[in-house]
Every structure is written in structure tokens, then in C-alpha cells.
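K.L.:
next come a sequence and a model predicted from it.
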Amino acid sequence: MSHATRGLTALTATLLPIALAGAAGFDDRLTGDWGGSRTQLKEQGYDFFAYYNAIVSSNVSGGLDSGSAYAGDLFAGMTFDLGKILGADGWTFNLSGIDRHGASIDDDVGGIYSVMQLVGGQTWFLYNLSLEKRWDAGQHALKFGRITATDDFAGSPFYGYYLSNSIDGQIRAVLFDGVMTSYPFAVWGARYKYAPSDDFRARIGVYQLTERMWDPDLHGTDFTFRDEDGVSVMAQLEWDWRAGTRPGHFAVGLNNVSFEMPNFNSDDTTDSFIRYYAQIDQQVTQEREGSDQGLYLFGTLAYTNQQEPALVPFQTSLGAQYVGPIDGRAQDRLIFGTTYGQLSDDYADEQEALGHGRPDYEWMFELGYRIQITKYAYAQPDIQYVIQPGGTGDISDATVIGMQFGVSL
């Protein structure tokens, strides 16, 4: 059975119980309230969650080869409110795991950016194993344990609607080169957040860097420190505002790394590295006062002047999303996004010396429509167009069609 066939079979298997569950009157979870037990457990301090997302995609023209693939991601866990359970006010304990499976068509496309954002670490992982303390009515929050920087930095809810990982999740250029820890690869870390008002927040995080975090045989369970490990420090400032009743958000941050990083086109290494980033979003139209329906725009920038170790020293993304574009479909979302990634001169020198051409940039466009089938299930047809996959111009522009779907369990 082909990847595409497996993907369509999985889509059918997912949507059929969704339709049946909808008829049974379930609300925001496919498995419902477990006969009232779920609500009772949450009131006692035990909150359980699970999400399944999947993508089936095909490279229909251009790139290196035609191909289809299916990839899925199951994220499940629980949050314990230790105030309710043990009387430890403000404390929570988080435990979660991930199972990633399937494959990608990235090798068929030949690009720098993955066209299927659910691919990376195709195995099971222990993920979040952390404690968090909040105090002064939430003005202060400290989290520590097995975590990742992508839970708190360089991200936005808008980015999670894209199949291309040039936008999905976090600003991708910040993750390149393995210097920002990311889902599903947890490490030892700590994050402090300060929110003195409703419209301002400051965050700082410190995270272990280790080559072993990507080892599929360790499954996220190697808790050791070694002399060769490095440190990634994230810092971010955030502001919220309203233009009339339309919300906006701006953030600026940096990643400062102490870790031995190989340089392109050289036997030397870089031991200290820093990258800056910024992101902004704004609701520009509103169906009615106070409504989340309407048009939103966002943009991102990422930059470092250290081209020796950085694959993409400059990247910018722009996006537009319309929530509720069709009457009677208030939670549907029409999405558009584009990412331009400038590849480093040192990387280009190395590739040219190897006879692989001289890469300079890759440019991605994506258009999709998120259909919110129920409160707990969605399906999203999508198309991507990749200009200069791999950056050299030697690979023809690629067109990728796909479907992403998911369910909250």
C-alpha cells in the first residue's frame, strides 16, 4: 500500500468516528467527558489531553522526483494541579509523550525547508517532564525540567496552520543549525516569565544543547550532562495592544549559544553564536466589534551576521489569515503564507566547491483552507509552491498538494 493510500485510509478512519461522535453530542473532545469522569478528575487536579495530527502530501510537479507520503504525530499527556492535589498553591507538574510516524516527500522536492512539518524524529519520545510555579497572580512563572525552547519562544498561534515548516511552529531560521531546542526533542532547561501587566511580558530561558537529543534510539530518555554539551539562552520581550477592538502583538528576541558548531567550507568551528528575531501580527478587519472573525496579517524576521555556521542567516515570512470567510463557517480559516530564506555565502562556497551549484535563496508560497468539522476535528486541503528548491536554481520549482487533518481526543 502506498503512502498516499495509507494517508487516505487514515483520513477516512479518522473522520468516520468523528461523524458518529458528533451525532452523539460530544463537544470539544472526540472521546467526550468519559461519562463525567473527565470533568470530575479535572476538578480534582488531573487534566488529561491528546491530539493527533497527520499530513498526506504529493509532489505533483518539479523538484527532483514525484512522490507521495503520509506522516502523523500523536501528542498526549497530563497536567497535575498540585495546589488541588497536595495543597502546593501555584505549582503544576506536566508529563507528556509523542509518537511520530510516517515519512516525507522532502527528498523528492529537494528543498531546504520541509513541506511536511510533522516529519522529524519519527519514533516515540518522552517529552515534557517539568514543574512550574506561578505566583503574584500570574505575574511571575518559573518552569524547569525536561522542556524545549519552542514551547515559549519565537512562536505564535498563527504559525500552526501551515504545512511548510518554514512557517509552522516557530520562526524556522532560529531553529536551523540545531541551536534552539524544539518539539519533539526535550532537554534539561528552565524558563522564567515576568508579566507585570496584561499587555507586556518578558521571558528568559536556558537550555541544554546536546547532539544526543536527536538520537531516535534514546527516545528522549537520556538525562545525562556531558562536557561537550552546550547552552542555549533565549530572551524575548512581548507587547500586546488594540487598534480599536482589533488585537495586535509584537515580540523581539534573541538566541545566544555557547556550543561548538561546525563552519561551512572550513575545518574551523564556531563556539559562540547569536541570532536575532522579531515577529508582529494584527487583526485588520473585524466582522463585528469584539469578534475574532476577520482578516489577520503577520510577519517575521530572523538575522545573524555569523554566516560561517548559519545555513539561513536571513529569513522573512509574511502571512494572511481570514477567520470565518464563509457565512455560517465562523471557525474555518483561509490561510496564505510565504517565506524567503537567504542562504549563507559560506554554505554556498562549500556547495560550489563540491560541484553542487551555488545556492543563494529558497522561496516558498502556501495556500490552504482549514475546515473546522467539529469543535474537536479539522481537515485542511493545501498547496505549496517552492521556488528554487535547494537554492541553486538547478532543481525546477516544485508544486506540492496536500491534506492536513487532526482531532482532539
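P.N.:
Right, received. Where do you want to start? Residues are numbered from 1 along each chain as shown.

K.L.:
each with direction, which strands does the host helix or strand of Glu366 pair with?
P.N.:
Glu366 belongs to strand 361-374 when assigned by DSSP states H and E. With DSSP bridges as the test, strand 361-374 is paired with strand 333-342 (antiparallel), strand 377-387 (antiparallel).

K.L.:
buried ones in whichever strand or helix holds Phe250, by neighbour count?
P.N.:
According to DSSP H and E, Phe250 maps onto strand 246-262. Neighbour counts over strand 246-262 (16 or more other Cβ atoms under 10 Å) mark Arg246, Gly248, His249, Ala251, Gly253, Leu254, Asn255, Asn256, Val257, Phe259, Met261 as buried. All C-beta atoms are positioned from the backbone trio N, CA, C, and that covers glycine.

K.L.:
in a markdown table, list those along with distance to Tyr161 and pLDDT.
P.N.:
Shown next, in a markdown table, are these (distance: Cβ to Cβ, whole Å; pLDDT from 0 to 100):
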| residue | distance to Tyr161 | pLDDT |
| --- | --- | --- |
| Arg246 | 19 | 97 |
| Gly248 | 18 | 98 |
| His249 | 16 | 98 |
| Ala251 | 18 | 98 |
| Gly253 | 22 | 98 |
| Leu254 | 26 | 97 |
| Asn255 | 24 | 97 |
| Asn256 | 30 | 97 |
| Val257 | 29 | 96 |
| Phe259 | 32 | 93 |
| Met261 | 32 | 93 |
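
K.L.:
looking at these, which is nearest Gln293?
P.N.:
Nearest to Gln293, judged by Cβ to Cβ, of these is Arg246 at 11.3 Å.

K.L.:
need the next SSE after the helix or strand harbouring Leu175, C-terminal direction.
P.N.:
Assessed by DSSP H and E, Leu175 sits inside helix 172-175. Proceeding C-terminally, helix 172-175 gives way to strand 187-197 as the next helix or strand, assigned by DSSP H and E.

K.L.:
quick one: the helices in the stretch 1-150 of the chain, in order.
P.N.:
3-23, 37-44, 82-86, 106-109 (DSSP state H, counting those that start in this stretch).

K.L.:
lowest average pLDDT across the ones you listed?
P.N.:
Among the helices of the stretch 1-150 of the chain, helix 3-23 carries the lowest mean pLDDT, a mean of 46.

K.L.:
reformat the strands paired with strand 361-374 as CSV; add mean neighbour count.
P.N.:
Below are the strands paired with strand 361-374 laid out as CSV (neighbours: other Cβ atoms under 10 Å):
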stretch, mean neighbour count
strand 333-342, 20
strand 377-387, 20
